[in-house]
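*Asks:* Model the structure of this input:
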Amino acid sequence: MPAQHPSLLRISFTLIATICIGEGLIMLILPLFGPMSVAATALLDATLLAVLMIPIVIWRVTNPAKQYITALKTEKSKAHAREDHMLSVLNSLALVKDNETGTHIIRTQKYVGLLAYRLREMGQYVDCLDDEFILKIIKVAPLHDLGR
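*Replies:* Predicted coordinates:
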């Protein structure tokens, strides 16, 4: 059996335990309402279970998931900032070499962007030429002459 992520185990355990405990409590509470039809019993059972489960699921599943997603977005943002900084440093090295190299790099960067957007407009490589990818290749285009 493949190993599961601890978060998935926590979610599974929370849901199963909440349902089991909730149903146990409901079995104790239902007789207090007296005799009811099967439909009324099922409705009351489902309502009581929802009342018990919703706060626990929010506390043990939803809130931690939101925190995880927020932390993930923060780390992704930091990674993009580091990547941008690294690219700007490498591009600066190439620009410093000489003026012709610097203007060539800027022209190449513009050409790459124009070509990528035009290819997408023409229906070519539409599955991979989204805005994020095009911006990334525009950023790295100046590196094509880094070793020169």
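
*Asks:* and the strand or helix carrying residue 41, how far from the chain's centre?
*Replies:* Taking DSSP states H and E as the definition, residue 41 sits inside helix 38-57. Here the centre of helix 38-57 is set off from its chain's centre by 32 Å, with Cα atoms, centre = their mean, to the nearest Å.

*Asks:* Downstream of the helix or strand in which residue 103 is found, the next helix or strand is which one?
*Replies:* Counting by DSSP H and E, the element that carries residue 103 is helix 99-121. As assigned by DSSP H and E, the chain's next helix or strand after helix 99-121 is helix 131-140.

*Asks:* and the angle from that following helix to helix 99-121?
*Replies:* Angle of helix 131-140 versus helix 99-121, following axes from the mean of the first three to the mean of the last three Cα atoms, to 10 degrees, is 160 degrees.

*Asks:* and for helix 131-140, what are the contacting residues?
*Replies:* 84, 87, 109, 112-113, 116-117, 120 (Cβ atoms under 8 Å, 6 or more residues apart in numbering). All C-beta spots, glycine's among them, are computed from the backbone N, C-alpha and C.

*Asks:* And the average pLDDT for the helix holding residue 103 is what?
*Replies:* Mean per-residue pLDDT for helix 99-121: 86.

*Asks:* hang on, the earlier thing: which other helices and strands contact the helix holding residue 41?
*Replies:* helix 6-29 (3 or more Cβ pairs under 8 Å, 6 or more residues apart in numbering; DSSP states H and E).

*Asks:* List the buried residues of the helix it packs on.
*Replies:* By 16 or more other Cβ atoms under 10 Å, the buried positions in helix 6-29 come out as 11, 14, 18, 22, 26.

*Asks:* just stretch 50-63 next, same as before
*Replies:* 52-53, 57, 60-61.
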